[in-house]
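Undergrad: generate coordinates for the sequence data below:
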Amino acid sequence: METAESSSEAPETEAERRRRRAAFLRELTEARELRDRVQPRRAKAARLRHAMRMRTFRW
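TA: Sure, this is the predicted structure:
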């Protein structure tokens, strides 16, 4: 990973980083929803696995 000193452009601000992260998370959610529509059986299995992981997680 590059440091701000070695990078040719100015270091990004916190707001820019948050905006890029929000866009990434939106796209990730959209991709997951699309996959769930295309492969409903696999999506159901993934949901059940996730639920099991959450139940067995120790807080």
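
Undergrad: all strands of the chain, in order?
TA: Along the chain, no segments are classed as strands by DSSP state E.

Undergrad: the bottom helix or strand of it by mean pLDDT?
TA: Every helix and strand in the chain was compared by mean pLDDT, DSSP states H and E; the lowest is helix 40-56, with a mean of 89.

Undergrad: same for that helix, what does it pack against?
TA: Where contact means 3 or more C-beta pairs under 8 Å, 6 or more residues apart in numbering; DSSP states H and E, helix 40-56 is packed against helix 14-38. C-beta: built from backbone N, CA, C; applies to glycine.

Undergrad: relative to helix 40-56, how tilted is the helix it packs on?
TA: 120 degrees (axes from the mean of the first three to the mean of the last three C-alpha atoms, to 10 degrees).

Undergrad: give me the contacts around helix 14-38.
TA: Residues outside helix 14-38 that contact it (C-beta atoms under 8 Å, 6 or more residues apart in numbering): Glu12, Arg42, Ala43.

Undergrad: weed out the non-buried ones from the residues you listed.
TA: When the contacts of helix 14-38 are checked for burial by 16 or more other C-beta atoms under 10 Å, the buried set is empty.

Undergrad: now the least confident helix or strand of the chain, how far from the chain's geometric center?
TA: Mean C-alpha position of helix 40-56 versus that of the full chain (C-alpha atoms, centre = their mean, to the nearest Å) differs by 17 Å.

Undergrad: using PDB, list the CA coordinates for that helix.
TA: Taking C-alpha atoms only, helix 40-56 is exported to PDB below (Å, rounded to 0.1, in the frame of the first residue of the first chain):
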ATOM      1  CA  PRO A  40     -32.300 -18.500  -5.300                       C
ATOM      2  CA  ARG A  41     -31.300 -21.900  -4.000                       C
ATOM      3  CA  ARG A  42     -27.700 -20.900  -3.400                       C
ATOM      4  CA  ALA A  43     -28.800 -17.700  -1.800                       C
ATOM      5  CA  LYS A  44     -31.100 -19.500   0.600                       C
ATOM      6  CA  ALA A  45     -28.300 -21.800   1.600                       C
ATOM      7  CA  ALA A  46     -26.000 -18.800   2.100                       C
ATOM      8  CA  ARG A  47     -28.700 -17.100   4.300                       C
ATOM      9  CA  LEU A  48     -29.100 -20.200   6.400                       C
ATOM     10  CA  ARG A  49     -25.300 -20.600   6.800                       C
ATOM     11  CA  HIS A  50     -25.100 -16.900   7.800                       C
ATOM     12  CA  ALA A  51     -27.900 -17.300  10.300                       C
ATOM     13  CA  MET A  52     -26.100 -20.400  11.800                       C
ATOM     14  CA  ARG A  53     -22.800 -18.400  12.100                       C
ATOM     15  CA  MET A  54     -24.600 -15.600  13.900                       C
ATOM     16  CA  ARG A  55     -26.300 -18.000  16.300                       C
ATOM     17  CA  THR A  56     -23.100 -19.700  17.200                       C
END
